[in-house]
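Asker: With the input below, show me the fold.
(chains A, B and C)
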Amino acid sequence: MFLSCFLLSDSHKHKDKYKEHKHKDYKRDKEKSKHGNSDYKDPSDKKYKDKEKMKHKDGSTEKNKDKHKEKRKEDKVSQAGAIRHFCILGKMQLDIWFQQLCFLEKPGDEGVSECFSLLFIFTLLEWEEERYTDGVKWKFLEHKGPVFAPPYEPLPSRVKFYYDGKPMRLSPEAEEVATFFAKMLDHEYTTKDIFRKNFFKDWRKEMTAEEKATITDLKKCNFTEMSEYFKAQSEARKAMSKEEKQKIKEENERLLQKYGYCIMDNHKERIANFRIEPPGLFRGRGDHPKMGMLKRRIRPEDIIINCSKDSKCPEPPPGTKWKEVRHDNKVTWLVSWTENIQGSIKYIMLNPSSRIKGEKDWQKYETARRLKKCVDRIRAQYREDWKSKEMRVRQRAVALYFIDKLALRAGNEKEEGETADTVGCCSLRVEHINLYPENEGQEYVVEFDFLGKDSIRYYNKVPVEKRVFKNLQLFMENKEPDDDLFDRLNTSILNKHLQELMDGLTAKVFRTYNASITLQQQLKELTTADENIPAKILSYNRANRAVAILCNHQRAPPKTFEKSMQNLQAKIDAKKDQLSDAKRELKSAKADAKVRKDEKTKKAVENKRKAVQRIEEQLMKLEVQATDREENKQIALGTSKLNYLDPRISVAWCKKWGIPVEKIYNKTQREKFAWAIDMADEDYEF
DNA sequence: TGCGGTACTTAGAACGAGGTAT
DNA sequence: ATACCTCGTTCTAAGTACCGCA
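Answerer: Prediction:
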């Protein structure tokens, strides 16, 4: 365990302190286990205890000593599992040592085992030292650079653009931008005023002087022929022969093989997004002031390459140059460029299955688990702070309560007019909440109604504690609707405070923590031993859904939802008919058997019985599917599954109930969570 | 203390491959 | 064979967090 906190710490400011603890802890640990009465205390707990002035006990009593000892061993091995997963450092001996360590980790082998553990630990420390001091992310990085968007192909001359009813030939530059608009013609974006205004303004910039003089009104532009042409093209693509499709597939595969991987520290790693974003019209989410603006084509001259000095640097396309080549091993990106809409930087980075992303992910959940250990104290603290004399402390405490209870996002401030008007906790405005001293039989109800990330609406009515309610009234006094609710607070202040409560604690850790703990608790509650696998998976999905609801992960109901629901219902009805038929047949077979009493009829009865059983099972499966789908209409499960739920909880659940992990995670997800699949056994506790 | 800049995670929608029903 | 549907994959926008500077 203490290994992990050392390995996981990338705050090197505290390096020496960590070292000190580490040695102390190790000694203590070792001595105790030698005498066989180790009273296990998680060193990571201890480490933060000093800092936090924690007063609570860790709950270990004489009785569960042994259990703790067991737990410690398991933890050690499972942590080692993940460490091993990430340490495939060349042909390092680590793996061998690991095997030996596991093999020896049996009663009676203590001494040898400790010896190997020690060796193991020193190697890891060395590895850590070498690799991660001062935020170094890698030592060697080689890649082939990005794949650029294909150049623009002018339209065939028969496809015409009309202005004011008259055909008009456009310059290639103006034509390209026009095709972007034409391709979106069916989308409601193109009816929005802001979109049209932004598009037209940027389009005109690409026009020649004559075009500019002629084309002065977007309403007079007719893009339908272009639009039809692209629709035909996409139809043609769909109708291509198998061979042609195969050829395209092969070409894609070739590109993937060549550009889709990099070498980072002796490992070939998959790159997430090696293709540069093609030009087009910017589509923001929600009411975005910049929707419709032209997203420029990215050229090699815009590109910054990052790789190691001793690697083979990627070549720019013939006749071009990179903007810059740098060798910064304190960052993880391979390629970057500045985007022209917001002026923000875009990156090419590694796939979630890569070591660098996986370790970070693991670390994220370990931080959330540390929060679990001190969340009671933090909750007690913010409740105390509701009474503070200082306004800023009260605001901080109420905001933190919302973040904890409702899993709200932090809410950084945003530049006005640059993005859609969305908020998170710290940026809530008075207009986003309503207070009801009494509502539907409940006291002190707060009604939230605001647009959050991606302009997804957050609507919730929650009863809160009287103190919170009174505080909110106070915060809202003498304010306009568009004033900040928490005028003495921002994310930076909040996070600074959280940092003092626990090392590595930020607002978003609460989301991770609450999501994961909810999954674990829901799984415990919903899973029953005697259910079959589909029913268990329904339970899993329900637990997942509880988290998605907590985190407000919504989706637009699929366009074909009603219809596909009807189809499913039809299937269920058909299955029901089939079942009653089968039952009838069984009955008559039974009657038959009563009379004839020969082997053949007996067998027939048995067969019919089996058929009924099979159909019943199928029916049940369909019904479960229908329930699942209905409940999922507007809820997106993917985001929480991918970003908030400690995968080890799911892996442990699968192992405990004998569910193949493939039923829960698809191939990509299994790749992303390989570390967890390696690491967690059925007893894993978040 | 605020601000701009940077790096990285989280997000829903669009797209498209491939399986199933007809 | 074709239409349709589902699910996985890709895309890229929109967040969080933190740093260095004035």
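Asker: Who are the contact partners of A:Y458?
Answerer: Taking CB atoms under 8 Å, 6 or more residues apart in numbering as the criterion, A:Y458 is in contact with A:L408, A:F448, A:D449, A:F450, A:L451, A:G452, A:N552. Quick note: C-beta positions are derived from backbone N, CA and C, even for glycine.
Asker: switch to 7 Å and redo it
Answerer: Neighbour list for A:Y458: A:F448, A:F450, A:G452, A:N552 [criterion: CB atoms under 7 Å, 6 or more residues apart in numbering].
Asker: any idea where the helices of the stretch 251-400 of chain A begin and end?
Answerer: For the stretch 251-400 of chain A, helices defined by DSSP state H, counting those that start in this stretch occupy the ranges A:355-385, A:391-406.
Asker: which of the contacts of A:Y458 are close to DNA strand C?
Answerer: Restricting the contacts of A:Y458 to those adjacent to DNA strand C (criterion: CB under 7 Å from any atom of the strand) gives A:G452.
Asker: now the contacts of A:Y458 in CSV, with pLDDT, neighbour count and secondary structure?
Answerer: Shown next, in CSV, are the contacts of A:Y458 (pLDDT from 0 to 100; neighbours: other CB atoms under 10 Å; DSSP: H, G, I helix; E, B strand; the rest coil):
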residue, pLDDT, neighbour count, secondary structure
A:F448, 97, 18, strand
A:F450, 97, 20, strand
A:G452, 96, 18, coil
A:N552, 94, 20, coil
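Asker: from the contacts of A:Y458, which is closest to A:N471?
Answerer: A:F448 (15.4 Å; CB to CB).
Asker: Would you confirm that that closest one contacts A:L472?
Answerer: No. Under the criterion of CB atoms under 7 Å, A:F448 is not in contact with A:L472, lying 11.1 Å apart.
Asker: got any residues that touch both of these two?
Answerer: A:I433.
Asker: The lengthiest helix in chain A close to DNA strand C?
Answerer: Determined from DSSP state H, the single longest helix within chain A is helix A:561-596. Yes. Part of helix A:561-596 sits near DNA strand C under the criterion CB under 7 Å from any atom of the strand, namely A:K563, A:S564, A:N567, A:L568.
Asker: what about the second one, how many residues close to it?
Answerer: Put plainly, it is A:S564. Taking other CB atoms under 10 Å as the criterion, the count of residues near A:S564 is 12.
Asker: now swap in the last one and tell me
Answerer: Each residue near A:L568 was counted by other CB under 10 Å, and the total is 16.
Asker: circling back to that earlier point, same list (the residues of helix A:561-596 next to DNA strand C) but as TSV, adding pLDDT.
Answerer: As requested, the residues of helix A:561-596 next to DNA strand C are arranged in TSV below (pLDDT from 0 to 100):
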residue	pLDDT
A:K563	80
A:S564	79
A:N567	80
A:L568	80
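Asker: ok so, going back, among the helices of the stretch 251-400 of chain A, which is the most enclosed?
Answerer: Here the criterion is mean neighbour count by mean count of other CB atoms under 10 Å, and of these the winner is helix A:391-406, at a mean of 22.
Asker: ok, the residue of the stretch 101-250 of chain A found nearest DNA strand B - contacts?
Answerer: Nearest to DNA strand B, among the residues of the stretch 101-250 of chain A, is A:K137, at 5.8 Å (CB to the nearest atom of the strand). Residues in contact with A:K137 (CB under 7 Å, 6+ apart) are A:N329, A:K330, A:V331, A:T332, A:I356.
Asker: and the two most separated of these?
Answerer: In terms of CB to CB, these reach their longest pairwise distance at A:K330 and A:I356, which sit 12.5 Å apart.
Asker: The helix or strand hosting A:E175: how far from the chain's middle?
Answerer: Assignment of secondary structure by DSSP states H and E places A:E175 within helix A:172-183. When distances are taken as CA atoms, centre = their mean, to the nearest Å, helix A:172-183 is centred 35 Å away from the chain's centroid.
Asker: Looking at that helix now, give me its mean pLDDT.
Answerer: The average of the pLDDT scores along helix A:172-183 is 96.
Asker: That helix vs DNA strand C: in contact?
Answerer: No. Against DNA strand C, helix A:172-183 shows no contacts by CB under 7 Å from any atom of the strand, the least distance being 11.2 Å.
Asker: Quick check: the closest residue in space to A:P557 that isn't next to it in sequence vs A:K571, distance?
Answerer: Using CB to CB, 6 or more residues apart in numbering and skipping the chain neighbours, the partner closest in space to A:P557 is A:K633 (5.1 Å). When CB to CB, to the nearest Å is the yardstick, A:K633 and A:K571 sit 18 Å from each other.
Asker: picking that back up, kindly reformat the contacts of A:K137 as TSV containing pLDDT and distance to DNA strand C.
Answerer: Putting the contacts of A:K137 into TSV (pLDDT from 0 to 100; distance: CB to the nearest atom of the strand, whole Å) gives the following:
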residue	pLDDT	distance to DNA strand C
A:N329	93	16
A:K330	94	10
A:V331	96	12
A:T332	96	13
A:I356	95	16
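Asker: Can you lay out those residues as CSV showing distance to DNA strand B?
Answerer: Below are the contacts of A:K137 laid out as CSV (distance: CB to the nearest atom of the strand, whole Å):
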residue, distance to DNA strand B
A:N329, 10
A:K330, 7
A:V331, 4
A:T332, 4
A:I356, 8
